[in-house]
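K.L.:
dropping the sequence and predicted coords here.
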Amino acid sequence: MNEALDSMLITDDSNLNGLNLIGLTSCPMKKIFRENLENTLQKYKQATDKILKCYTPTGCHSKEHIEELLKSSNFDDLPDVFTALGYRNTFKSSILDNFAYRGYFKSPQDKNINKDFDGLGLIDPEGIYSIYSVSSEVMLIDKNKLGKLPVPKTWADLLDPIYKGKIIIGGCDGDIHEDQLLYYYKDFGDEGVKALAENSKNTWHPAQMAKSAAVSSRDGAAIYIIPWFFANACPDKPNLKIVCPEDGAMISPSFILTKKSKLDEVSVLTDSLLGTEFGTKCADNLYPSLNPNVNNNIPEGFKFKWLGWDFIRSINMEETMNNIVDEFIDTFNRTGGDAVLEKK
């Protein structure tokens, strides 16, 4: 990477108050996100001789000081643009109650989005949040380990006791990827979360799932709930099958929150995130873009499943996530998975 471009991003994370942008994204999108942001900042400086202050962590996880910043009751502490993948960081009660529901944020996103998401209702009806792309969860099936059991066709199928000990879900360093549990909670309630826990063998990082499935390792599973990016990274082998369930791949959107008072000042950043060039790079990385001009190259029969704004706004996101994760862990530990999960 060109040093001039590297220098455009803030590297000192000791004080992140009042920046123009803080961007959180997933490991597979980290390089693309940073390069796009760096190029955007470089072009903006060349055109205006102005510098926008932007920060994105180099690692794959949100840092504690960002978590604390998002709890601030001082609106000026928050970045002008905040973007994150998934639901927990985006729908914090502190942001919603103090600012979002009081009109402090406004989405610059056009209502005309990519046809691949027709009918899902992804555009925020309250005009607060934007979405630039999505991560989608599918099933990766190891037919050797599945044996004579039927290939599951829907997410509900995974709750059938015939799949006990056959499933590995997403997790990392003792954490569970909560977004997948939210879908089970929405559709099947607490009992659905517990049933999934009873059938689960372990919680793994998606990279570990892909590596294990590629060699059909002994510690692996018959069924992995895994992001499409990682499932597609597996070699094309006769025993491996990617299944997009009939009710759709569960999506974790990449959300954007933009301060209403700063819309014009930071439009170069939001235009870039929502634009065709970056959207195409997202799509090429199997993170389909909402930009209507992007060809997401979605396979035939592949569709998406989304929680919906009504559901999201009907719950306390942090409280609900904490509760369902605890329910999953309690059930998992009691019914004998391959590991002992600890509550945070």
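P.N.:
Right, received. Where do you want to start? From a predicted model like this one, the values you see are computed outputs, not experimental measurements.

K.L.:
what's the following helix or strand after the helix or strand of the chain with the lowest mean pLDDT?
P.N.:
Here the helix or strand of the chain ranked lowest by mean pLDDT, DSSP states H and E is helix 3-6, holding a mean of 43. Sequence-wise, the next helix or strand downstream of helix 3-6 (DSSP states H and E) is strand 21-23.

K.L.:
quickly run through the sheet partners of that following strand, with directions.
P.N.:
Note on strand 21-23: by DSSP bridges, its sheet partners are strand 54-55 (parallel), strand 81-85 (parallel).

K.L.:
just the CA atoms of the longest one, as CSV, please.
P.N.:
Output for strand 81-85, consisting of C-alpha atoms alone and laid out as CSV, is shown next (Å, rounded to 0.1, in the frame of the first residue of the first chain):
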residue,chain,number,x,y,z
VAL,A,81,-20.4,8.7,10.1
PHE,A,82,-20.4,5.4,11.9
THR,A,83,-20.6,2.1,10.0
ALA,A,84,-20.6,-1.4,11.4
LEU,A,85,-21.5,-5.0,10.3
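
K.L.:
count the residues that sit near L240.
P.N.:
19 (other C-beta atoms under 10 Å). Glycine gets a C-beta too; all of them are placed from N, C-alpha and C.

K.L.:
err, R88, not the other one
P.N.:
17.

K.L.:
next one: P150
P.N.:
Neighbour number of P150 under other C-beta under 10 Å is 10.

K.L.:
want to try a markdown table for the strands paired with strand 21-23, with mean pLDDT, mean neighbour count and distance to M139 as columns?
P.N.:
Listed next are the strands paired with strand 21-23 as a markdown table, based on pLDDT from 0 to 100; neighbours: other C-beta atoms under 10 Å; distance: least, C-beta to C-beta, whole Å:
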| stretch | mean pLDDT | mean neighbour count | distance to M139 |
| --- | --- | --- | --- |
| strand 54-55 | 95 | 21 | 36 |
| strand 81-85 | 95 | 25 | 20 |
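
K.L.:
just for this protein, where's the confidence low?
P.N.:
1-7, 59-63, 173-174 (pLDDT under 70).

K.L.:
so it: which segments form each domain?
P.N.:
Residue ranges for the domains of the chain, per automatic domain parsing: 3-134+253-298, 136-249+321-335.

K.L.:
for those, which one ends up most surrounded?
P.N.:
Mean neighbour count (mean count of other C-beta atoms under 10 Å) peaks for domain 136-249+321-335 among those, with a mean of 19.

K.L.:
could you tell me the end-to-end distance of that domain?
P.N.:
28 Å (C-alpha to C-alpha, to the nearest Å).

K.L.:
now render the strands paired with strand 21-23 as JSON lines, adding distance to T40.
P.N.:
Below are the strands paired with strand 21-23 laid out as JSON lines (distance: least, C-beta to C-beta, whole Å):
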{"stretch": "strand 54-55", "distance to T40": "9"}
{"stretch": "strand 81-85", "distance to T40": "11"}
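
K.L.:
please, where are all the helices along the stretch 1-150 of the chain?
P.N.:
Using DSSP state H, counting those that start in this stretch, the helices of the stretch 1-150 of the chain run over residues 3-6, 27-48, 64-69, 93-98, 143-146.

K.L.:
chain center to the third one: distance?
P.N.:
Taking C-alpha atoms, centre = their mean, to the nearest Å, the mean C-alpha location of helix 64-69 is offset from the chain mean by 19 Å.

K.L.:
kindly report the same for the longest one.
P.N.:
The chain centroid and the centroid of helix 27-48 are separated by 20 Å, computed with C-alpha atoms, centre = their mean.
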